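A.B. asks: Here is my input, please return the structure:
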Amino acid sequence: MSLIFAEQEPRFQEASVNLDETSNVGELGRTMLSTYALEEQEVEPVEAPETIETLLDKYEKPLSDGWLVEFHNLPEGVTAYNASRVFNVNQVPHMLVREEGNRADQEFTSRVAIYQVSEDGRHCWPSGISNLPELIKGSITQDPAISYVRGNWTLSWVEVEPVNVSSPNQGASWKSVIAIGPTLDKLNRLSETIESSDGNSLHRPVELPDTKGVRAVELLDGRIGITTRTSLDGKYELRYAIADSWEEVTTDLLSAAKPIKGLDGLIANVDDRYAKRWIGPNDQRLLANGEVSLLFHAGRFIEDSVPDSREYDVLHCILTPGTKDTPTEAKFIKLLARSDDFNLPPATLPPKRPDLERVAYPSCLIMPKERNMASILLAALRDSGEAGIKVSDPLKEWREDNPEYANNPFPQSSEQLTIAA
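C.D. replies: This is a model prediction of the structure:
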């Protein structure tokens, strides 16, 4: 552990000073003077920022092997992965997923869909409970998320504009989209009114170019907390924005989101390909004391015989929400799972592309209310399937710090989205 000590502060210390008759001391004359003296003073050490390397050093492997989530009634040649958290509608578990062709050249066939989920989280069937298909018709959609905020179901996804729809290697641009509605069959894109240069009012959807990972949560005091992962000018940052109401959630507000304090050691925007590090948010959930459970991922390129090979690991932390003027802060950062630890060999789940074999992209955590019980992590593996695995309690340290909530970490207000067991 690297320790940083604060600069020592001067303290007053009395000293005797001999002054001759000509000393110019005014009214003090031949009196005792106080002088500054430095004295060593111990201060509480400050931990250096966590990096992926320090997290690997104390990594505790998952508690089980992984299992594949089976999606029924998928057309031949189509796969489903990149799921949202599990949520209940009329006591029936559902989740959002990304459907697309399973070949490497079919990345831009993706669309977001809603599936019903079995109680054990291992089987899924298509569901027609939402008007979401109308909102995304004709668009390439990925990276879905869902929450319930300020009386509205809140969905977000990424829309992609490829350079060449049949050639993912040529790149694409993307933007994040938010839709809200009182019920899932009455969703509308979140919109804002702006004034044009000629003074006219224009109505437009709230959309964030070059941004992924938009996730919303209703905070304990009623504010709205939103994560983003920007990639402006090739620089990656995980940021947090806070609004008092949906009317305040505009493109400008989200563009001005602040980096999360404490996660900077996991990000490296450098030219060296193998030193580059990036992170992105996947799901956030309100805790009983007003803090937030954040599930996220950390990515990096690795040296391998396969060009462009990368690793995505699953991480978790606790956020203390800030204000409009102060940053949100992260603590209790830990590594939860790595792709190899699912023990699902490539023969069982082949990667969509060879460079994606070590990619684990988290979807959600199914966490028990009681301590000392295993949690279930759902994650997309290798861009080709969804898997589950048991992991140690991500809230262990938080429960120890908050004993009054240790056996009931999630307040009733956040249980409008009941996590499947």
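A.B. asks: Spell out which helix or strand contains the closest residue to E397 other than its chain neighbours, please.
C.D. replies: Among residues not flanking E397 along the chain, F332 sits closest, at 4.6 Å (Cβ to Cβ, 6 or more residues apart in numbering). Glycine gets a C-beta too; all of them are placed from N, C-alpha and C. Taking DSSP states H and E as the criterion, F332 maps to strand 329-337.
A.B. asks: buried set for the helix or strand following that strand?
C.D. replies: Sequence-wise, the next helix or strand downstream of strand 329-337 (DSSP H and E) is strand 358-366. By 16 or more other Cβ atoms under 10 Å, the buried positions in strand 358-366 come out as R358, V359, A360, Y361, P362, S363, C364, L365, I366.
A.B. asks: before we move on, what about stretch 131-146?
C.D. replies: Applying 16+ other Cβ under 10 Å to stretch 131-146 flags L132, L135, I136, S139, I140, T141, Q142, D143, P144, A145, I146 as buried.
A.B. asks: helices or strands next to the helix or strand containing the second one in the packing?
C.D. replies: Translated: L135. Taking DSSP H and E as the definition, L135 sits inside helix 132-136. Judged by 3 or more Cβ pairs under 8 Å, 6 or more residues apart in numbering; DSSP states H and E, helix 132-136 is in contact with strand 111-117, strand 152-162.
A.B. asks: Redo those as a markdown table? Include distance to R399 and mean pLDDT.
C.D. replies: Shown next, in a markdown table, are the helices and strands packed on helix 132-136 (distance: least, Cβ to Cβ, whole Å; pLDDT from 0 to 100):
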| stretch | distance to R399 | mean pLDDT |
| --- | --- | --- |
| strand 111-117 | 27 | 97 |
| strand 152-162 | 27 | 96 |
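A.B. asks: got the contact list for stretch 135-145?
C.D. replies: For stretch 135-145, contacts defined as Cβ atoms under 8 Å, 6 or more residues apart in numbering pick out 82-85, 96-98, 108-112, 155-162, 165, 179, 187-189, 212-215, 282-283.
A.B. asks: Quick one, which of those residues are buried?
C.D. replies: Counted by 16+ other Cβ under 10 Å, the contacts of stretch 135-145 give 82-85, 96-98, 108-112, 155-160, 162, 165, 179, 187, 212-215, 282-283 as buried.
A.B. asks: and stretch 64-77, how far from the chain's centre?
C.D. replies: 25 Å (Cα atoms, centre = their mean, to the nearest Å).
A.B. asks: gap between the two ends of that stretch?
C.D. replies: Terminal residues of stretch 64-77 lie 30 Å apart, using Cα to Cα, to the nearest Å.
A.B. asks: Now it: buried residues?
C.D. replies: G66, W67, V69, F71, L74.
A.B. asks: One more: stretch 221-235?
C.D. replies: For stretch 221-235, using 16+ other Cβ under 10 Å, the buried residues are R223, I224, G225, I226, T227, T228, R229, T230, S231.
A.B. asks: can you give me the mean pLDDT across the helix or strand containing the third one?
C.D. replies: By that I understand G225. Using DSSP H and E, G225 maps to strand 224-230. Mean per-residue pLDDT for strand 224-230: 97.
A.B. asks: Tell me the strands beside it, with direction?
C.D. replies: Note on strand 224-230: by DSSP bridges, its sheet partners are strand 211-218 (antiparallel), strand 237-243 (antiparallel).
A.B. asks: Output the last one as PDB - backbone C-alpha positions only.
C.D. replies: What follows is strand 237-243, C-alpha atoms only, in PDB (Å, rounded to 0.1, in the frame of the first residue of the first chain):
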ATOM      1  CA  GLU A 237     -14.400   8.500 -18.500                       C
ATOM      2  CA  LEU A 238     -17.100   7.100 -16.200                       C
ATOM      3  CA  ARG A 239     -19.200  10.100 -15.100                       C
ATOM      4  CA  TYR A 240     -22.200  10.800 -12.800                       C
ATOM      5  CA  ALA A 241     -24.900  13.400 -13.200                       C
ATOM      6  CA  ILE A 242     -27.600  14.300 -10.700                       C
ATOM      7  CA  ALA A 243     -31.000  16.000 -11.400                       C
END
